[in-house]
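*Asks:* My questions are about this predicted structure, shown below with the sequence.
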Amino acid sequence: MSLLNPIVNILPDLNKAFLETIYMVGVSLAVALLIGLPLGVLLFTTTRNLFFENGIVNRSLGFAVNIVRSIPFIILLVALLPLTDLLTGSTIGPRAASVSLSVSAIPFFARIVETALREIDRGVIEAAIAVGATPWMIIKDVLLPEAKPGIIQGLTLTTISLIGYSAMAGTIGGGGIGDLAIRYGYYRYDNTVMITTIVVLICLVQLLQMVGDKVSYMVNKR
Amino acid sequence: MSLLNPIVNILPDLNKAFLETIYMVGVSLAVALLIGLPLGVLLFTTTRNLFFENGIVNRSLGFAVNIVRSIPFIILLVALLPLTDLLTGSTIGPRAASVSLSVSAIPFFARIVETALREIDRGVIEAAIAVGATPWMIIKDVLLPEAKPGIIQGLTLTTISLIGYSAMAGTIGGGGIGDLAIRYGYYRYDNTVMITTIVVLICLVQLLQMVGDKVSYMVNKR
Amino acid sequence: MIEIRSIRKEYVSKKNRVIGVDNVSLTIQTGEIYGIVGYSGAGKSSLLRCLNLLERPTGGNIIIDGIDLTSLSSKELRKQRQKIGMIFQHFSLVSSKTVYENVAFALRAAHRSKDATKLRVLELLEIVGLSDKKDVYPAQLSGGQKQRVGIARALANEPTVLLCDEATSALDPTTTKAILQLLKKISSELGITIVLITHEMEVVKELCHRVAVMQDGRVIEEGPVYEIFSQPKQELTKQFISSVLDFELPSHLIEESEGTIIKIQFEGQTAGESILSDTLQSHAVKGNILHGKIEYIQDVPLGILIIELIGDAVQIHSALEYIKNRSSSVEVLKHVTA
Amino acid sequence: MIEIRSIRKEYVSKKNRVIGVDNVSLTIQTGEIYGIVGYSGAGKSSLLRCLNLLERPTGGNIIIDGIDLTSLSSKELRKQRQKIGMIFQHFSLVSSKTVYENVAFALRAAHRSKDATKLRVLELLEIVGLSDKKDVYPAQLSGGQKQRVGIARALANEPTVLLCDEATSALDPTTTKAILQLLKKISSELGITIVLITHEMEVVKELCHRVAVMQDGRVIEEGPVYEIFSQPKQELTKQFISSVLDFELPSHLIEESEGTIIKIQFEGQTAGESILSDTLQSHAVKGNILHGKIEYIQDVPLGILIIELIGDAVQIHSALEYIKNRSSSVEVLKHVTA
Amino acid sequence: SPNTEDKKELKIGATTGPYADMVKEAIKPGLEDLGYKIEIVEFTDYIQPNKSLGNNSIDANLFQHKVYMDNFAKENDLKLSDLIIVPTAPMGIYSNKYNSLKEVKDGTSLAVPNDPVNLARALKVLVDEGLIEVDSNVDPLKVSEKDVTKNPKNIQLKPLESAQLPRATDSVDLSAVPGNFALAAKMDLKDALVLEKMPDMYRNVVAVNTKDVDAQFAKDIKSVVESDQFEKVIDDKFAGFGKPDWMN
Ligand SMILES: Nc1ncnc2c1ncn2[C@@H]1O[C@H](COP(=O)(O)OP(=O)(O)OP(=O)(O)O)[C@@H](O)[C@H]1O
Ligand SMILES: Nc1ncnc2c1ncn2[C@@H]1O[C@H](COP(=O)(O)OP(=O)(O)OP(=O)(O)O)[C@@H](O)[C@H]1O
Ligand SMILES: [Mg+2]
Ligand SMILES: [Mg+2]
């Protein structure tokens, strides 16, 4: 009883933090998919010998992606506050945190998509070109389906990284499980909270990894 | 003059921070290589159909790797302070920060090594087995040389991620460029310094990426 | 008609420049089956891939049925490509799509309606004998079955030209035969022009009307298959043909035989003639066929027989003269004047 | 001697169980060249890979020169593997090592001294004709050259057994011939036992002493090559052989011909005999060789001739009788009683 | 450190921002004149400076007030002592929306620091203003927004990282900004709707391990802070920082 009590006490907080994490990770994952996926496809299809071959676009995008990846997350968080304000009308809270999480997830995911696309057998792409398919058809019907297992594993990796980064969202009041661990476990020496939240985090990550592996295996027809 | 002044003023700091970053990233990269590389090889060689096939070892290692990757870096940093104290005799400064950076780099790099090894054509490994080579010879003379380009690219990725993480080392007075950017840009609202440091960071990252790509290309005999 | 005009293809990398195709000009007639042979690295694939601009040539023009492909916009090029089917050596099927979807993809690329697509795919799968595998993924097919899906895809849009890059190597003989039969049928029934790369001279012999031999990016010999097989000019061509036509007589046979051994090459109609029978009936010699092969190349026989002639010297001499008069090539391998 | 005793190999995955090899027992003599043929998926590679335990059989034993491989510790197994060379279909060279290093690796695996390794590698490269390529990386080699590096590696430790998995498919005819010659030489000079998988019956014909035909994991027919070629029992075997021996006479020839058309199969010594010549000289018929092929399989001739006999009915009848008495198989394709 | 008596190399910890600058510009030069070699260790949180002091990774720190220090020491079983109080910038409540706390409406949002040190100060200001009531038994080390017992105006507390508070002023109705960060963000302390009433026990102190209180270096630090030079630098560069009683 005495052991369980503290855990029961933090359940409402934990629940709220959990939902906040889900919210932030969910939103930024969606954005990463929405923007990172096309960006990854673009990075891939503008390389040498592919149908959108364009060295300048390719190098500029690559440079932009590297820049975002160079900036420490906290700085990015701050640098993006005007954008955040513009987009969400606020610079604090989970919604605001989602903006910088999204921005940092986009290049990360784009690179992963690019790598997954690189794994596709060139012959398959050529066969689609030879058949007279439009670039759009090739992307939709060949590139994405063929890279699906890799992209799903990349999505798992991105999700797990986002959970890690979302812990820093506490800086701007984003909340979430990681922030709970830091604020109560670390600042307030509450080991119950610390251990509970970390266990929740580990379970979440393992679960995501398992589901990701499973889905990736299922869509793999090779 | 007035614009350049702040930059000139922080040059000594920038220099020190640069060295600190090099130190932290260097040490943890070395550790990641020393421990992550064998760990990655072990993760690969204990999978089904390979010479150290061992489901239990494989799953346990995989689980451990996932756990370390689940914990937010700041929490890891703090949780490892006793170990840090034991190893470095101090809990502050770049040396101390290197401990937790290393611990987080190990599983990251191990996974990358595992992925690179997976790319090796099975036939090549079988040819080595068929010739009667010992596991050690196969690892040394086949697996590692064949995966070298991938491992080097993984090393680049790890280095860049480490630079990002080292920015958080400020929590325990680690220093480094990322921390400098945060300290001036975030805590002191000094945009000149922040931009200078970020430019240094971007250059560093671009340089690393370029060198990594180059070396990886050079060792690729395919 | 495919006109290949001074095609050059260079591969430029940082370190060096490789010439894949070196100034090749060829004309391939409509309805023809055209073979390309040559060593590995000779430039066969590079040339073939230039035909539908999968590889953009560094110089030269590809004119198919009067349209210069190299001058087309990418949209027009896509349209032309739909008329050029291509069969890939490594099948190159989309692994995440079923057999049905793989073939349907080509039709959708040509903006066929959904119903038309369905009808056509089922028809094509019927043709290649894969109706029962339509919902199966490529990973569950054998090599021959995968290749047949590739053929169905290449034929989907009723192409006028079919390009095949080593479509049968690595397949077992039965499957190879079935696929060659299919290509033959397609060519004769639908009048499709087929250009095929192969390293099996058997395939050239059975299937092709004309053949080009490539070396170092150039076409070193070209002509009707029968001509190339019967009168090869280049050393390389001779080597290649020998895999089909040449044969070695076990040496002990030559040593042990008691008679005169001659090698006769028959060409064209002479092969069908009864040289041997006439000789034997008009001379008092015994003929013993030691080795021989008659190939029908495009229905024209080309044959070599090694015959041991036994009899007295005068009769043999006169028999030899008789044969020489009627055959294009006679060679005496061993002369015995017992 | 290789004894394969009731070998089974099952592949178990979560969803299903595939039987790769189904209770195969074979004995391969020392110094023999043994061929394995069969459709894709028949279990050829699985069986071959069981021979050096690259694939551990689900049941059964592999006994090589009296040693049961399945019972060895991994250290002893490594030692035995050094005596079993293996040539892979896809070469499987270490791309990050030069030609020299690829071959040297095998020798180092057998703990040869540095000097001995160097001497042996240079010797091997000389044998396979690659001395000048020793410091080159595999990517810069042609297919045939890569395969020869694979052969040098397989031969490095003076193996007593050589396993080859489709070592020549996807190579041009000249390279194929060179590699087959090399294997033949190795086998006869060094007395190495060779087990080889191929889908080219030509290779079986030229190289093998005995052959096994596999289907669905089982060996359905096995025996000396000559026997299998001359008297195939299984339908599948017949199909495979037909790719070498069978040939179709252009149908118009049969229709247009005026005489009786017969197909004679010669076997063994009868092929060398002068059946045809004797027939023509003893009967008033004209003989016209329409088609024919004589193959020497292990130096023993096996031949088929399609002959048009022209003459009056009585003479033809008597000639047919005469031939039937002397040949093992005569078939009348078209009977004309003019 | 074995021989603390003639220790000449010092590591002084401070939180990033004005206090690290204060060490650097107002204390370090004086100590260097006395022959010390000074290394400043900057921290970005409020735990590690004390932990590091406790395990002798640093020799002194400057970032906290005495109340926090005492509680921290008790909680973590450390023996820490304050050496001397330094000028400290008062926390203020700022707003772009209201001109006075009296206007505060029901449901107003208020950004507060997310670390207990500064949160405790923010809550104290609110309590003093009569806006809320806080459980008086709560450990100031562990205080959180949940310890608010009465909140008649239903003020929405939004915990943020302290350095973020000035930046959040636009997003919330009210923001409780620690003085050091307000000054760093070039905010004018005079703009605050209300400033923290700061008794000395809430002003920051230079802290050392209790065992070092009588060490020469501790005495030297104290003397440097008490010097005129120190006060001059404060007046020049740290305007707005409220001086402790001993300086007046
Ligand atoms: N993408 C490329 N980049 C650089 N060089 C190339 C490229 N593709 C082909 N080559 C080179 O061009 C030459 C011709 O190659 P190609 O593939 O046309 O030969 P091939 O006759 O098809 O040989 P194979 O029988 O081995 O398929 C070779 O020397 C090859 O190395
Ligand atoms: N690793 C594996 N896992 C599951 N099934 C396998 C595996 N390897 C082979 N098989 C299956 O075992 C059967 C025999 O395969 P095997 O590779 O021995 O055929 P093969 O005769 O060598 O064919 P090919 O001529 O195509 O090389 C096939 O049905 C194949 O799908
Ligand atoms: Mg090719
Ligand atoms: Mg096989």
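*Replies:* It's in. Numbering: from 1, shown residues only, chains lettered A, B, ... in the order given. Ligands and ions are numbered 1, 2, ... in the order given.
*Asks:* any idea how far D:Gly191 is from the residue in the stretch 201-338 of chain C positioned nearest to chain B?
*Replies:* Taking CB to the nearest CB as the measure, the point where the stretch 201-338 of chain C comes nearest chain B is C:Gly217, at 23.2 Å. The way it works is simple: take the backbone N, C-alpha and C, and place the C-beta from them, glycine included. When CB to CB, to the nearest Å is applied, the distance between C:Gly217 and D:Gly191 equals 44 Å.
*Asks:* rewinding a little: count the residues that sit near the residue of the stretch 201-338 of chain C closest to chain B.
*Replies:* C:Gly217 has 23 neighbours, counted by other CB atoms under 10 Å in any protein chain shown.
*Asks:* and if you look at E:Tyr98?
*Replies:* 16.
*Asks:* Over to E:Gly240?
*Replies:* Other residues within reach of E:Gly240, judged by other CB under 10 Å, total 17.
*Asks:* With A:Asn54 instead?
*Replies:* 15.
*Asks:* Distance from the chain centre to the helix or strand of chain A with the lowest mean pLDDT, please.
*Replies:* Among the secondary structure pieces of chain A, namely its helices and strands, helix A:73-79 has the lowest mean (mean pLDDT, DSSP states H and E), a mean of 83. In this view, helix A:73-79 has its centroid 17 Å away from the chain centroid, taken as CA atoms, centre = their mean, to the nearest Å.
*Asks:* Same check on stretch C:76-84?
*Replies:* Averaged over its C-alpha atoms, stretch C:76-84 has a centre that lies 25 Å from its chain's centre (CA atoms, centre = their mean).
*Asks:* now swap in stretch C:139-147 and tell me
*Replies:* 23 Å.
*Asks:* Do that stretch and chain A come into contact?
*Replies:* Yes. Using CB under 8 Å from any CB of the partner chain, we find that stretch C:139-147 touches chain A at C:Ala139.
*Asks:* What's the separation between the residue most central in space within chain A and chain D?
*Replies:* The centroid of chain A falls nearest to A:Thr158 when counting by CA atoms, centre = their mean (3.7 Å). Per CB to the nearest CB, to the nearest Å, A:Thr158 is found 27 Å from chain D.
*Asks:* Who are the contact partners of that residue?
*Replies:* Contacts for A:Thr158 (CB atoms under 8 Å, 6 or more residues apart in numbering or on different chains) come out as A:Leu29, A:Ala32, A:Gly36, A:Ala105, A:Phe108, A:Phe109, A:Ile112.
*Asks:* List just the nearest of the residues you listed to ligand 1.
*Replies:* Within the contacts of A:Thr158, the smallest distance to ligand 1 is 26.3 Å, found for A:Ile112 (CB to the nearest ligand atom).
*Asks:* Not counting its neighbours along the chain, what's nearest the one residue in the stretch 101-250 of chain C that gets nearest to chain A?
*Replies:* Closest to chain A within the stretch 101-250 of chain C is C:Ala109: 3.8 Å, counting by CB to the nearest CB. If the residues on either side of it in the chain are set aside, C:Ala109 comes closest to A:Ala133, at 3.8 Å by CB to CB, 6 or more residues apart in numbering or on different chains.
*Asks:* do you know how far that neighbour is from ligand 1?
*Replies:* 22 Å (CB to the nearest ligand atom, to the nearest Å).
*Asks:* now E:Leu62
*Replies:* Counting by CB to the nearest ligand atom, the gap from E:Leu62 to ligand 1 is 65 Å.
*Asks:* bridging residues for that residue?
*Replies:* Taking DSSP bridges, one obtains E:Ala14, E:Val206 as the residues bridged to E:Leu62.
*Asks:* That one: what's it in contact with?
*Replies:* E:Ile12, E:Gly13, E:Ala14, E:Tyr19, E:Met22, E:Val23, E:Ile27, E:Val86, E:Asn204, E:Val205, E:Val206, E:Ala207.
*Asks:* and what of C:Ser131?
*Replies:* Contacts for C:Ser131 were tallied using CB under 8 Å, 6+ apart; they are C:Leu122, C:Leu125.
*Asks:* For it, give me the backbone phi and psi.
*Replies:* Note on C:Ser131: backbone dihedrals following degrees, to the nearest 10 are phi -50, psi -40.
*Asks:* Of all residues in chain C, which one is closest to ligand 2?
*Replies:* Closest contact between chain C and ligand 2, by CB to the nearest ligand atom, is at C:Gly143 (5.7 Å).
*Asks:* nearest residue to that residue other than its sequence neighbours?
*Replies:* Spatial nearest neighbour of C:Gly143, excluding adjacent residues (CB to CB, 6+ apart): D:Ser40 at 4.7 Å.
*Asks:* repeat for A:Phe52
*Replies:* Of all residues not flanking A:Phe52 in the chain, A:Thr45 sits nearest, at 4.2 Å (CB to CB, 6+ apart).
*Asks:* Measure how buried the one you found is and give me the count.
*Replies:* Residue neighbour count, defined by other CB under 10 Å, stands at 21 for A:Thr45.
*Asks:* Just checking the distance from stretch E:103-123 to the centre of its chain.
*Replies:* That offset, for stretch E:103-123, works out to 16 Å (CA atoms, centre = their mean).
*Asks:* I meant to write stretch C:84-102 there.
*Replies:* Chain-centre distance of stretch C:84-102: 22 Å, with CA atoms, centre = their mean.
*Asks:* what's the span of that stretch, first residue to last?
*Replies:* Stretch C:84-102 has its terminal residues 17 Å apart, counting by CA to CA, to the nearest Å.
*Asks:* do stretch C:307-316 as well
*Replies:* End-to-end span of stretch C:307-316 (CA to CA): 12 Å.
*Asks:* Surely C:Asn288 touches C:Ile307?
*Replies:* Yes. Between C:Asn288 and C:Ile307 a contact is recorded at 6.5 Å, counting by CB atoms under 8 Å.
*Asks:* higher neighbour count, the two?
*Replies:* Here C:Asn288 and C:Ile307 are compared on neighbour count by other CB under 10 Å; more neighbours surround C:Ile307, at 27 against 22.
*Asks:* okay but that one is in contact with C:Gln265, surely?
*Replies:* No. Taking CB under 8 Å as the contact criterion, C:Ile307 and C:Gln265 are not neighbours in contact, 12.0 Å apart.
*Asks:* Enumerate every residue touching E:Ser81.
*Replies:* Counting by CB under 8 Å, 6+ apart, E:Ser81 touches E:Ala207, E:Val208, E:Asn209, E:Thr210, E:Val213.
*Asks:* quick one: the first one and E:Ile85, what's the gap?
*Replies:* The span separating E:Ala207 from E:Ile85 equals 11 Å under the rule CB to CB.
*Asks:* Give me the more crowded residue out of those two.
*Replies:* Under the neighbour definition other CB under 10 Å, E:Ala207 and E:Ile85 were set side by side, and E:Ala207 has more, 29 against 21.
*Asks:* quick one, what contacts residue 143?
*Replies:* Just going to use chain A. The neighbours of A:Leu143, taking CB under 8 Å, 6+ apart as the test, are A:Val41, A:Phe44, A:Thr45, A:Leu117, A:Ile120, A:Ile125.
*Asks:* try again with chain C
*Replies:* C:Gly143 makes contact with C:Phe91, C:Ala170, C:Leu171, C:Thr175, D:Ser40 under the criterion CB under 8 Å, 6+ apart.
*Asks:* so which strand or helix has the residue most central in space within chain E?
*Replies:* Centroid check for chain E by CA atoms, centre = their mean gives E:Gln64 as the closest residue, at 4.5 Å. With elements delineated by DSSP states H and E, E:Gln64 resides in strand E:60-65, which encompasses its position.
*Asks:* Report pLDDT for C:Lys14.
*Replies:* With respect to pLDDT, C:Lys14 scores 66.
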